[in-house]
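Asks: whatever this is, show me its structure:
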Amino acid sequence: MDIDKSTLALPLPTDELFARKEKFWRVELPKDFVDFMKENNGGKPIEGTFNCNNHEYAIDRFLCFLKTPRESDLGIYDIDVTLTQLEDRLTDNEDLVGADMIPIAVLFAGDFVCLDYRENRKNPSVVVWSHEESAELDPVTYFITNTFTEFLSEIQ
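Replies: The predicted model follows:
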């Protein structure tokens, strides 16, 4: 999959920023995802469709890691900003400290690709989160792949 490099959110994220986010979210980000984001932070795929749940989804853009989202034109695509907007619709645990799902890409029509940590805090699966079907403390997701690398191989 190719990313339009002119669409990247700069500066690219650092190991320090990833570590801070992992601590805050109480998850371990997969190395393949971190490596991808170090080169493609917030980028738009040149072609980015995949099939899941008998639907074809189109990736609008990957979300990004920004140290100061308010200072960037792409701040609305920062993962923390997106998490704040979706809050309790990404978990079924009202006592959760951290995050159950981390949105990583915006799909056409408002859904998101997410890293899903609900089953495994160290090795998340990749899912589509459905914004129309999800409600507070009742997220609806559709399984895509077991790993981020597998997800990238599904994109056409």
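Asks: farthest residue from the center of the protein?
Replies: Distance from the centre of the chain peaks at D95, with 22.0 Å (CA atoms, centre = their mean).
Asks: phi first, then psi, for that one.
Replies: Note on D95: its backbone torsions stand at phi -100, psi 10 [degrees, to the nearest 10].
Asks: so, low pLDDT: which residues of the protein?
Replies: Along the chain, no part satisfies pLDDT under 70.
Asks: residues contacting the residue nearest to the spatial centre of it?
Replies: The centroid of the chain falls nearest to I104 when counting by CA atoms, centre = their mean (1.2 Å). Residues near I104 by CB atoms under 8 Å, 6 or more residues apart in numbering: 33, 62-63, 79, 112-115. For the C-beta atoms, the positions are set from N, CA and C on the backbone; glycine is no exception.
Asks: just those residues now: which is nearest C52?
Replies: Closest approach to C52 among these (CB to CB): V113, at 9.1 Å.
Asks: tell me the secondary structure of the closest one, please.
Replies: Per DSSP: H, G, I helix; E, B strand; the rest coil, the local secondary structure of V113 is strand.
Asks: partners of it in the sheet?
Replies: Note on V113: beta-bridge partners by DSSP bridges are A105, V128.
Asks: how much space separates the residue farthest from the centre of the chain from D116?
Replies: Note on D95: its distance to D116, by CB to CB, to the nearest Å, is 19 Å.
Asks: how about E47?
Replies: Taken as CB to CB, the span from E47 to D116 is 25 Å.
Asks: so which of those two has more stuff around it?
Replies: Neighbours per residue, other CB atoms under 10 Å: of E47 and D116, the larger number sits with D116, 21 against 10.
Asks: so that one touches V128, yeah?
Replies: No: shown here, D116 and V128 do not form a contact pair, counting by CB atoms under 8 Å, at 9.9 Å.
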